[in-house]
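[1] Predicted model and sequence below, questions to follow.
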Amino acid sequence: MVLGSTGTHVGDQVTAAALRPLTRAEVRSIDEIAIGEYGMPGICLMENAGRGAAEQIVAHTPANEIAILCGGGNNGGDGFVIARHLELMGRRPHVFLLADPGKLAGDALTNWQIAMAGKIACEVVDERSLPSLQRKLADAACIVDAMLGTGASGDPRGAIALAIQAANAAKAFRVAIDLPSGLDCDTGSPGNPCFRADLTCTFVAEKIGFDAAGAREFTGTIRVVPIGAPADLMNRYAASESNGG
Ligand SMILES: NC(=O)C1=CN([C@@H]2O[C@H](COP(=O)(O)OP(=O)(O)OC[C@H]3O[C@@H](n4cnc5c(N)ncnc54)[C@H](O)[C@@H]3O)[C@@H](O)[C@H]2O)[C@H](O)CC1
Ligand SMILES: [K+]
């Protein structure tokens, strides 16, 4: 494959090849291969993902106050990175962590610590403080869903489920990070509840479930955000080849 031979616009960057939609397993293995075989630190992938998503958010909404709902995994970690870059782009993010910060790990924990050290507006939300979050979301101009990504299993539970319902009831412009929380990215079927996004910033490539009937109601406009993995790896998943997952 000649690099750039079939360049296509993905987000704001030209990729070496039009990537075909990927399965959850494929996109998670790209993460592992980029780290294991190409030696890319995971924190670099998260930084590229978060910065690219922040650029898409700024391109799609003039909202100044941006509420970022974060889960306890790396999808939440993306949210912490997004907050830092939104602030650098002149917006006013406010992170709501819907998990125990003491249970954060790896790259998500590192980016939580950076966000705290950088005095980014962050608050931890638990069952008791949910009513106050619901009131704040009702008035938000933009709500970012960095709660559940490819690591989700089953219908959204607990505070995350309640936050999704509150976000869906708000007037805000809604953005999903990687995939709408609650949407099965392989089948496109929505969980109960499922975040209804106006924009989905998805990493590496579209997910195969995004083309399913009815999925667009939850993804909204889709923008693919590259995470900086080498083109040599990306070309293994070019449009013309299928790797079978
Ligand atoms: N190569 C890439 O695409 C990159 C992806 N990144 C981001 O990482 C997430 C996947 O992160 P992971 O830690 O594996 O899982 P999640 O954050 O999606 O979720 C795990 C988190 O959520 C809890 N949980 C699971 N199911 C449920 C549920 N039904 N209800 C409530 N809570 C649930 C679980 O306990 C964990 O706490 C991917 O989507 C991208 O956003 C990298 O950042 C960049 C490269
Ligand atoms: K999400």
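    Nice, thanks for sending it over. Ligands and ions are numbered 1, 2, ... in the order given.

[2] hey, let's count contacts and neighbours off CA atoms from now on
    Fine.

[3] Around ligand 1, which positions in this protein sit nearby?
    For the chain, the residues in contact with ligand 1 (C-alpha under 6 Å from any ligand atom) are 27-28, 30-31, 45-46, 49, 71-76, 78, 148-157, 160, 178, 203-204.

[4] So which of these sit within helices?
    Using DSSP state H to define helices, the subset of the residues of the chain next to ligand 1 located there is 27-28, 30-31, 45-46, 49, 74-76, 78, 160.

[5] which one of those residues sits closest to L133?
    Checking those against L133 by C-alpha to C-alpha gives I160 as the nearest, at 11.5 Å.

[6] number of nearby residues for that closest one?
    The number of residues packed near I160 is 25, by other C-alpha atoms under 10 Å.

[7] Give the closest residue to it in space, chain neighbours not counted.
    L98 (6.5 Å; C-alpha to C-alpha, 6 or more residues apart in numbering).

[8] ok, how many other residues are close to the one you found?
    Neighbour tally, L98, other C-alpha under 10 Å: 22.

[9] ok so, going back, narrow the ones in helices among the residues of the chain next to ligand 1 to just the buried residues.
    Neighbour-count burial (16 or more other C-alpha atoms under 10 Å) applied to these gives 27, 30-31, 45-46, 49, 74-76, 78, 160.

[10] Low-confidence regions, this structure specifically.
    Applying pLDDT under 70 to the chain flags the ranges 1-17, 240-245.

[11] is the most centrally placed residue in the chain in a bridge, and if so with what?
    A centroid search over the chain (C-alpha atoms, centre = their mean) returns I177, at 2.0 Å, as the residue closest to the centre. Beta bridges link I177 to C201, judged by DSSP bridges.

[12] Strands of the protein, residue ranges please.
    Applying DSSP state E to the chain gives strands spanning 8-10, 13-15, 65-70, 92-97, 122-124, 142-146, 173-177, 199-203, 221-225.

[13] How about the contacts made by A34?
    By C-alpha atoms under 8 Å, 6 or more residues apart in numbering, A34 lies in contact with 40, 229-230, 233.

[14] if you set the cut-off to 10 Å instead, what comes out?
    40-42, 45, 227-230, 233-234 (C-alpha atoms under 10 Å, 6 or more residues apart in numbering).

[15] Redo those as a markdown table? Include distance to P62.
    Shown next, in a markdown table, are the contacts of A34 (distance: C-alpha to C-alpha, whole Å):
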| residue | distance to P62 |
| --- | --- |
| M40 | 34 |
| P41 | 33 |
| G42 | 31 |
| L45 | 27 |
| I227 | 24 |
| G228 | 27 |
| A229 | 30 |
| P230 | 33 |
| L233 | 35 |
| M234 | 33 |
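
[16] Report the contact partners of Q134.
    140, 162-167, 169-170.

[17] If you rank the residues you listed by neighbours, which is first?
    Neighbour max across the contacts of Q134 (other C-alpha under 10 Å) = A167, 28 neighbours.

[18] The closest residue to that residue other than its chain neighbours: neighbour count?
    Spatially, and ignoring its direct neighbours in sequence, A167 is nearest to L137 (6.1 Å; C-alpha to C-alpha, 6+ apart). For L137, the tally of surrounding residues (other C-alpha under 10 Å) stands at 24.
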